[in-house]
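Engineer: pasting the sequence and the predicted model now:
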Amino acid sequence: MTTLDAPRHDILDTTATGDNYLTHSRGFLSWALTLDHKRIGVMYMVAVLCSFFLGGVFALLLRTELLTPGRTIVDADTYNQFFTLHGAIMVFLVIIPSIPAALGNFVLPIMLGAKDVAFPRLNLASFYLWIGGAIFTLYSLAVGGFDTGWTFDTPYSTTTTAGGVIPVLMGVFILGFSSIFTGLNFIVTIHKLRPPGMTWFKMPLFLWALYSTALIQVLATPVLAITLCLLIVERTLNIGIFNPSMGGDPVLYQHFFWFYSHPAVYIMIVPAMGIISEIIAVHSHRHIFGYTYIAFSSVAIAMFSFIVWGHHMFTSGQSGVMNTIFSLISFSVGIPSAVKTFNWVMTLYKGTISLTAPMCYGLAFLFLFTIGGLTGLHCATLATDVHLHDTYFVVAHFHYVMMGSALIAMIGGLHHWWPKMTGRMYHEGTGIAGCIIIFVGFNMTFFTQFMLGSQGMPRRYYDYQPEFQTYHIVSTIGAYIMAAGFVTTAVCLMQSLMSGRRAPANPWGGRSLEWQCASPPRHDNFEHPPTVGDCYDFTPVVWDERQQGYVVDRALDTHIPHGKSPNTGGHQ
Amino acid sequence: MPSTVSTILAQTTSPMTPADFWLPIGASQQAAGVDLTFTIINWICYFFFALIVAMMAVFVLKYRGKPGARFRNDAPTHNTVLELSWTIIPLILSIGMFWYGFKGYVDLSTPPKNSFDVNVTAFKWGWQFKYPNGAQSDNLVVPASRPVRLTMRANDVLHCCFIPAFRVKKDIVPGRYSTLWFQCDHPTGLEEANGYHLFCAEYCGTGHSNMNRRVLVLPQAEFDAWMTKQAAWLDEIPDADLYFKAGPKIYARCQQCHSLDGTTGLAPSWQGLWERVSNPTSAARFADGKGYSDLIGAGKEFATPQDYLRDAIYNPGHHLVAPFGNVMPTFKGQINDRGIDALIGMMQHLDEFDAKGAWKKAPPATAK
């Protein structure tokens, strides 16, 4: 039994003394000035979820307005502000920071086996930059709001009379730096803080995904910052850069904007793909299929993401030759996405699948991402995109990817790591119910929008032709159902905080390092430097009645010769 | 090479394709090619979606674990043949889809040489279509069975001309011309309700969704007659009737911003406008602090109120009325002097119009 006890030793130790990152120090300042990546991750998560609530309220308001043609609840200008705010909040405040900054911050160092990120102070600074950016964005509401659409297309954005344009541009500018700092931190952490034994190809795939994401964040976001600066300069100082009446070029703006914002799509989806690789493997308790292919496809997507921005501009007046080239390259992004999808599906083959709440989100992701990805083909193909561009088809397509995939993965990841973050289990049935309601509501809301768009309904429309109304009604009802699903999920998670049973160190049977420290983890993550094994080899993971969770039985691990590891030697 | 392709296309007559689950009616030469590409991609999507979901469902049902059971350990971790096949097959399919899309796009973007030209101006928030003989219209009227090329411009912000039934779309970018062509072989007549939808697809502010117009298609002979009549409509109206016959029609393009009943929208109401500009002591101010009396009058910048109003329509940002923003596009080249006369006449007789711009008084001939 000694061999079995040894690796479990530290887990039992920490739960016994009760010291974890949540109880390590107390008081407001201990959180506000914390350098602990876990606390910063939790603060990010709270902030992101608050923003998600706000963005969701705007989504419901605009769906309600679209119940009938013409006026339903508000006038056209207010509606324009609703969809602009919904888009800007969801993109800049929610989806971009949600996985890297919130979940990534919490999980990355633990998965890696490190005590913290490379630059803890920079990490805290990036959180406060996020807060600063969010304040500017909300402040813009107080000074007249903005109605430019989240893309800030010129010359509309430089001539609109809405008063909040400059503050929100400032806000997004600042949020960009928050994103850059997080990315920089992750790159350095993964390069420099891997413990002995954690080679690149032993890293969990979530880390590969975060690494790829961080590359995009660091390389693309400065372009957005420059673009927004130029926009502010044009609007305040009347220097003609984008506005043709002052000698500028509006298409130049679109190139600048999409040079960032297309890669930004992958800032949102690549880490989500990383989460799915974890969820599918851990809850199937089976070695991930095609590890190297998934890892390299993340890097491939990150690289391709920089050379496809022109597919947002097929009808913009960009030359035909460029359209052709961009169309061809755009298909290249589809290939690594297809590779990933097939590998995930194959990971289910001959697994030992537990249909837990995170796994339900994982399966929902596969379903929705398949639709979102495949409808991208219509948009990458030139002739069909000319018809579909700027219609609800595109709206449906990117919601399937941004929300049905990125956000669903985020919520799935939240369920996956919730026991680790809070030390509490949630009620499994309620969690699954929430997932199913969201899934049904989501498809009702957005699948109808494919038909709306291909039938010719342009996006950002306050008023519409009566023949489109049936689709709009179904879509709006779907949005309410989805809202009910999110409320169910919120109730489930809140209830677990109050009365959930204590989480074991390893509730799902995971093998990566975060499941080898206590739930919640100690302030410095690991009592002893962890032993790095194959994070997708589930052979030694066995159920332990005493802990009501899984443990890694090193006697069964074929990869580490037991008794010889320097890290487990001290307990004999 | 591309131009030959489209010329050949333009010489044949295309059948009208009915609306189906995905696509609206297709009424242009190009629609069939776009629809075929769309359908091919759809079938590829159906196949892969069914494949992935079926595999998912089967695996989840078959390999569901029992609680507490040991994990099975016989699963393969990789398979190079599979990896290569799901890299290479999608790659080949992608190149196929790209090729179909590219071919369709060449047709969409290459107007045949014998195209009939229509000039289009998009503005916040409306359209003006101008024909070779000087005729103008609010709805797009085109000859049937002949390629039509739109040369489009915008003076304010981005707009986008989108005709779903023709499967064509093109952004209209201020500061440059953009072109779009189509050929429709299916006349609709002049009844607006029968026309094909024309939408603005690029967000442009408050009235974005009200920029929907119709494309009306007439057989060549009918079209020629319509165009001749349309070109002369302002000239055929006697001077005295101009303000109530032409005024309301032209005002339809002003009403999005300028009310007649004193409601303040994005721009000053016309209520009391004539009194303000024709009365030099009016207290109204411009954004630069000047009053009307500083600008209008003998020896001033504008000798008469009419001169000022004409300038305000042709050069709207010149003197901004406080507290309104610089949002009005110029109407130079769109409303001629006779049109301006009609508008000014309307301002002078505003009590004869209702709040929507309809003329309330009976014409003088039948007045009591």
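Structural biologist: It's in.

Engineer: interface residues of the stretch 151-300 of chain B facing chain A?
Structural biologist: B:156-158, B:160, B:162, B:164-165, B:167-171, B:173-176, B:178, B:197, B:199-210, B:212, B:266 (C-beta under 8 Å from any C-beta of the partner chain). The way it works is simple: take the backbone N, C-alpha and C, and place the C-beta from them, glycine included.

Engineer: so of the residues you listed, which ones are in strands?
Structural biologist: Mapping these onto strands (DSSP state E) picks out B:160, B:162, B:168-171, B:178, B:197, B:199-200.

Engineer: quick one: B:Gln348 from chain A, how far?
Structural biologist: Taking C-beta to the nearest C-beta, to the nearest Å as the measure, B:Gln348 falls 30 Å from chain A.

Engineer: give me the number of residues near the residue in the stretch 251-368 of chain B positioned nearest to chain A?
Structural biologist: The minimum distance from the stretch 251-368 of chain B to chain A, using C-beta to the nearest C-beta, falls at B:Gly325 (4.1 Å). Using other C-beta atoms under 10 Å in any protein chain shown, B:Gly325 has 14 neighbouring residues.

Engineer: in terms of helices and strands, where is it?
Structural biologist: Counting by DSSP states H and E, no helix or strand carries B:Gly325.

Engineer: go on, the one 3 residues further on?
Structural biologist: For B:Met328, there is no enclosing helix or strand under DSSP H and E.

Engineer: find the nearest non-adjacent residue to it, please.
Structural biologist: For B:Met328, ignoring the flanking residues on the chain, the nearest one in space by C-beta to C-beta, 6 or more residues apart in numbering or on different chains is B:Pro316 at 3.8 Å.

Engineer: surely that neighbour meets B:Pro329?
Structural biologist: Yes: using C-beta atoms under 8 Å, B:Pro316 makes contact with B:Pro329 at a distance of 7.1 Å.

Engineer: which neighbours do these two share?
Structural biologist: Common neighbours of B:Pro316 and B:Pro329, counting by C-beta atoms under 8 Å, 6 or more residues apart in numbering or on different chains, are absent.

Engineer: buried residues in stretch B:225-233?
Structural biologist: Neighbour counts using 16 or more other C-beta atoms under 10 Å in any protein chain shown place B:226-227, B:230-231 of stretch B:225-233 among the buried residues.

Engineer: cool, and stretch A:91-100?
Structural biologist: A:91-100.

Engineer: before we move on, back to that, in helices only, show me the buried residues of stretch B:225-233.
Structural biologist: The helices, defined by DSSP state H, take in B:226-227, B:230-231 from these.

Engineer: circling back to that earlier point, now the buried residues of stretch B:225-233 in CSV, with distance to A:Thr489 and pLDDT?
Structural biologist: Below are those laid out as CSV (distance: C-beta to C-beta, whole Å; pLDDT from 0 to 100):
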residue, distance to A:Thr489, pLDDT
B:Trp226, 60, 92
B:Met227, 62, 91
B:Gln230, 60, 86
B:Ala231, 64, 84
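
Engineer: is chain B within reach of stretch A:69-79?
Structural biologist: Yes: using C-beta under 8 Å from any C-beta, we find that stretch A:69-79 touches chain B at A:76-77.

Engineer: start to end distance for that stretch?
Structural biologist: Chord length of stretch A:69-79, first to last residue, is 13 Å (C-alpha to C-alpha, to the nearest Å).

Engineer: not counting its neighbours along the chain, what's nearest the closest residue to chain B within the stretch 251-400 of chain A?
Structural biologist: Across the stretch 251-400 of chain A, the shortest distance to chain B (C-beta to the nearest C-beta) belongs to A:Ala383, at 2.7 Å. Closest residue to A:Ala383 apart from its sequence neighbours, by C-beta to C-beta, 6+ apart: B:Gly104 at 2.7 Å.

Engineer: wait, that neighbour sits on B:Asp35?
Structural biologist: No: with contact defined as C-beta under 8 Å, B:Gly104 does not count as touching B:Asp35 (9.5 Å).

Engineer: all strands for chain A, in order.
Structural biologist: A:541-544, A:549-552.

Engineer: quick one, which of the ones you listed is nearest to B:Ser259?
Structural biologist: Distance to B:Ser259, taken as C-beta to C-beta, is lowest for strand A:549-552 among the strands of chain A, at 69.9 Å.

Engineer: CA atoms only for the closest one, dumped as PDB, please.
Structural biologist: Output of strand A:549-552 as PDB, limited to C-alpha atoms (Å, rounded to 0.1, in the frame of the first residue of the first chain):
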ATOM      1  CA  GLY A 549     -12.700  10.800  -6.300                       C
ATOM      2  CA  TYR A 550     -10.100   9.400  -8.600                       C
ATOM      3  CA  VAL A 551      -6.400   8.900  -7.800                       C
ATOM      4  CA  VAL A 552      -3.400   8.100  -9.900                       C
END
